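Undergrad: fold the following.
(one chain, ligands or ions: 2)
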Amino acid sequence: MLRGNRELWAAFLTGVLITGLYAAVVFFTRQIPAAGEFFGHALGIFGFILMLMTEVLYSLRKRSRSARWGRMSSWLQFHIYTGLVGPFIVLLHTSWKFNGLAGATTLLTVIIVVSGFIGRYIYTRIPRTLDGLEIEGSLSEAALRQARRLMALWHTIHIPIGMALFLSAFVHIGAALYYATFLR
Ligand code: HEM
Ligand code: HEM
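TA: Numbering: from 1, shown residues only. Ligands and ions are numbered 1, 2, ... in the order given. Here you go, the predicted structure:
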């Protein structure tokens, strides 16, 4: 079971710190950090690594039959933390321009975060143990069946959006590095 909103608060506080750092860079350089220059580029890479961790780690732990490290609820909290902080850092990387494929990648990023909040809401409707197992008998049979069906439907939407996002992100990264970095 996910208890409380700790991961949301942690992500919010991290966001405030990163905004402070970004504001300091804007203040001292007197310009918006460009996506292809040192600071903006570093933001893109760091945020993207956090997003990749979000995509991969929780799924690996969930599917690993032998793994016993860490409770599923902690992994999901970490998933949500990196799933919020990563996209936020990437947003600061964009230099507030959203042309072409890079703009579409940003839109997919926003969609997956919004979808994550919806998933979190449905997920927490189903009472679970700290290892994410459903607690039988704690919801009426009909309510449980409905919540399970919603969760399954949500997965069939959320997972393809994630895949489309990473596909377009990899093309953007390849093209941006080729045209904006190596050919400079
Ligand atoms: C999901 C992750 C990412 C998103 C959503 C994203 C989004 C964007 C956006 C919206 C722009 C501005 C495009 C414009 O000028 O209209 C941009 C520029 C750029 N991005 Fe990313 N980015 C991501 C990850 C990365 C990563 C990991 C790298 C590098 C390894 C990178 C390298 C660049 C570069 C070099 C530019 C500047 C291109 C230029 O000056 O024309 N991006 N990105
Ligand atoms: C970069 C952003 C994100 C990506 C790429 C992402 C990707 C994924 C993927 C691939 C899964 C399927 C895991 C599996 O069943 O194997 C998943 C599940 C989930 N995600 Fe995210 N996610 C992101 C952000 C978020 C955010 C911001 C939240 C909450 C606010 C969230 C909440 C959830 C929940 C509740 C589940 C379902 C857990 C389960 O059924 O076991 N995600 N996410």
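
Undergrad: which helix in the chain runs the most residues?
TA: Across the chain, the helix with the greatest residue count (assigned by DSSP state H) is helix 141-176.

Undergrad: for that helix, packing partners?
TA: Packing partners of helix 141-176 (3 or more Cβ pairs under 8 Å, 6 or more residues apart in numbering; DSSP states H and E): helix 38-63, helix 100-125. Placement of C-beta: from N, CA and C, glycine included.

Undergrad: mean pLDDT, distance to residue 22 and mean neighbour count added to these, as a markdown table?
TA: Formatted as a markdown table, the helices and strands packed on helix 141-176 follow (pLDDT from 0 to 100; distance: least, Cβ to Cβ, whole Å; neighbours: other Cβ atoms under 10 Å):
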| stretch | mean pLDDT | distance to residue 22 | mean neighbour count |
| --- | --- | --- | --- |
| helix 38-63 | 95 | 8 | 17 |
| helix 100-125 | 96 | 16 | 16 |
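
Undergrad: ligand 2 is nearest to which of those helices?
TA: Closest to ligand 2 of the helices and strands packed on helix 141-176, according to Cβ to the nearest ligand atom: helix 100-125, at 2.4 Å.

Undergrad: using a markdown table, please lay out the helices and strands packed on helix 141-176 together with distance to residue 161.
TA: Converted to a markdown table, the helices and strands packed on helix 141-176 look like this (distance: least, Cβ to Cβ, whole Å):
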| stretch | distance to residue 161 |
| --- | --- |
| helix 38-63 | 11 |
| helix 100-125 | 5 |
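
Undergrad: who wins for proximity to residue 177 among those?
TA: Nearest to residue 177 among the helices and strands packed on helix 141-176 is helix 38-63 (9.6 Å), distances taken as Cβ to Cβ.
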